[in-house]
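J.: Sequence first, then the predicted structure, then my questions.
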Amino acid sequence: MSRPCVLVTRRIPGSAQAILSSACEVDLYTGDGSIPREELKRRLANKDALVCLLTERIDADVLDAAPALRVVANVAVGFDNIDRAAARARGVIVTNTPDVLTDATADLTWGLLLAAMRRIAEGDRLIRSGQWKGWALDFHLGSDLRSKQLGVVGFGRIGRAVAARADVFGMAVVYSTLDADAPGAGAEAAGRRRVALDHLLSTSDVVTLHVPLTPQTRHLINRQSLASMKRGAYLINTSRGPVVDEEALAWALREGVIGGAALDVYEREPVVHPDLLSLENVVLAPHIGSATVETRSAMADLAARNVLAVLGGHPPLTPVPFD
């Protein structure tokens, strides 16, 4: 009996490759960057499984090229790159990699927050350019974190992990969510107060975004919502780029509507809005929220185990809901 075949669209850690190879024939794309779309369709034609990343768009056209496909394992917690309705219509299971990247992304969120409020990246550029002339009492002043309010938009795994770290910095936490079934009593008992989004924006010193990309959240942060934020506040985004209207954000930063921002994700990755590139009061990171050796290995391993579970006739470990 022949072994099932799986296409892997990027190089993945050796541990994940070993998991897949233990039960499958593995077709690994080794080119630089994303696999070209036509090559993706061609190589999927006889595959039982696909391990992909958020850089690959898996839509009806791609799925139609793979009549034997049984599972798409996305090496990411988000899944906006996959047409779930098209997968469901074709009986294809979709999985993601939640939990294993929660702490890494929460830590990076705080790193960006600190970099923005204490102007760390800006100071680094100053020194490298030779412009630093020495210590002065009123030089390069940032903002304290203690006694400030952190507004967490989206209170899933990562949002809650970010909030849990706020106590260390002496910050109060409020949160807002678009999900009516979001954490309630438990969060309240932990001192996390749920408020309406407009209240969160107008009262928080820092607003950090942790929502999935959906039609409802696309450009959730726009010119109107930025104008409603507290003057001098900071915006942090480690969720998905299109949640923020980058043109509106550049306007708000340039005009002093808000104090600063830090982004790890962008509307049209890897392209960044040129107006943001010219501003000093925004920290720009290259989508590294989960980029630790341990986390990326755990993500790939989980994707591989999802593939083996489905191909072995078992329920997936971390299925993505179709609704």
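T.: On my side now, so go ahead.

J.: Let me see the ranges of the helices in the stretch 1-150 of the chain.
T.: Secondary structure of the stretch 1-150 of the chain (DSSP state H, counting those that start in this stretch): helices located at 14-21, 37-44, 60-64, 84-89, 102-117, 120-128.

J.: got the angle between the longest one and helix 120-128?
T.: Okay, so that is helix 102-117. 60 degrees (axes from the mean of the first three to the mean of the last three CA atoms, to 10 degrees).

J.: next one: the first one
T.: In this structure, helix 14-21 runs at an angle of 130 degrees to helix 120-128, with the same axes, to 10 degrees as the basis.

J.: and helix 14-21, what other elements does it pack with?
T.: If you count contacts as 3 or more CB pairs under 8 Å, 6 or more residues apart in numbering; DSSP states H and E, helix 14-21 packs onto strand 5-8, strand 25-28, helix 293-311. (C-beta placed from N, C-alpha, C; glycine too.)

J.: how about the nearest residue to residue 251, chain neighbours excluded?
T.: Nearest residue to residue 251, sequence neighbours excluded (CB to CB, 6 or more residues apart in numbering): residue 223, at 6.5 Å.

J.: Correct me if wrong: residue 86 contacts residue 59.
T.: Yes. Proximity of residue 86 to residue 59 meets the contact threshold set by CB atoms under 8 Å, at 6.1 Å.

J.: Check the gap between residue 268 and residue 223 for me.
T.: Separation of residue 268 from residue 223 (CB to CB, to the nearest Å): 18 Å.

J.: More neighbours: these two, which one.
T.: When residue 268 and residue 223 are compared for neighbours, residue 223 comes out ahead with 15 against 10, by other CB atoms under 10 Å.

J.: so is residue 175 in a helix, a strand, or just coil?
T.: strand (DSSP: H, G, I helix; E, B strand; the rest coil).

J.: Now do the contacts for it.
T.: Residues near residue 175 by CB atoms under 8 Å, 6 or more residues apart in numbering: 151-155, 159, 163, 187, 192-195, 200.

J.: Closest one to residue 219 out of those residues, please.
T.: residue 153 (13.3 Å; CB to CB).

J.: C-alpha coordinates for stretch 139-157, CSV please?
T.: Output in CSV follows, covering the C-alpha atoms of stretch 139-157 (Å, rounded to 0.1, in the frame of the first residue of the first chain):
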residue,chain,number,x,y,z
PHE,A,139,17.0,64.7,25.9
HIS,A,140,15.1,61.9,24.1
LEU,A,141,12.3,61.7,26.6
GLY,A,142,9.8,58.9,26.4
SER,A,143,6.8,57.9,28.5
ASP,A,144,6.4,55.9,31.7
LEU,A,145,4.3,52.7,31.6
ARG,A,146,3.3,52.7,35.3
SER,A,147,-0.1,53.9,36.2
LYS,A,148,-1.1,54.0,32.5
GLN,A,149,-4.1,52.2,31.0
LEU,A,150,-3.5,49.3,28.5
GLY,A,151,-6.5,48.8,26.1
VAL,A,152,-6.5,45.2,24.6
VAL,A,153,-8.7,44.9,21.5
GLY,A,154,-9.5,41.2,21.2
PHE,A,155,-9.3,39.0,24.3
GLY,A,156,-8.4,35.6,22.9
ARG,A,157,-5.3,33.6,23.9
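
J.: which residues of the stretch 51-200 of the chain fall in strands?
T.: For the stretch 51-200 of the chain, the strands defined by DSSP state E, counting those that start in this stretch cover 71-74, 93-95, 149-153, 172-176, 193-194.

J.: Dump those strands into TSV; add mean pLDDT and distance to residue 109 as well.
T.: Shown next, in TSV, are the strands of the stretch 51-200 of the chain (pLDDT from 0 to 100; distance: least, CB to CB, whole Å):
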stretch	mean pLDDT	distance to residue 109
strand 71-74	98	21
strand 93-95	98	25
strand 149-153	98	10
strand 172-176	97	13
strand 193-194	95	19
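
J.: most tightly surrounded among those strands?
T.: strand 71-74 (a mean of 28; mean count of other CB atoms under 10 Å).

J.: partners of that strand in the sheet?
T.: Here strand 71-74 is paired, per DSSP bridges, with strand 49-52 (parallel), strand 93-95 (parallel).

J.: Let's have those strands in TSV, adding distance to residue 122.
T.: Compiled in TSV, the strands paired with strand 71-74 are given as follows (distance: least, CB to CB, whole Å):
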stretch	distance to residue 122
strand 49-52	37
strand 93-95	40
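
J.: That's all I had, so thanks and see you.
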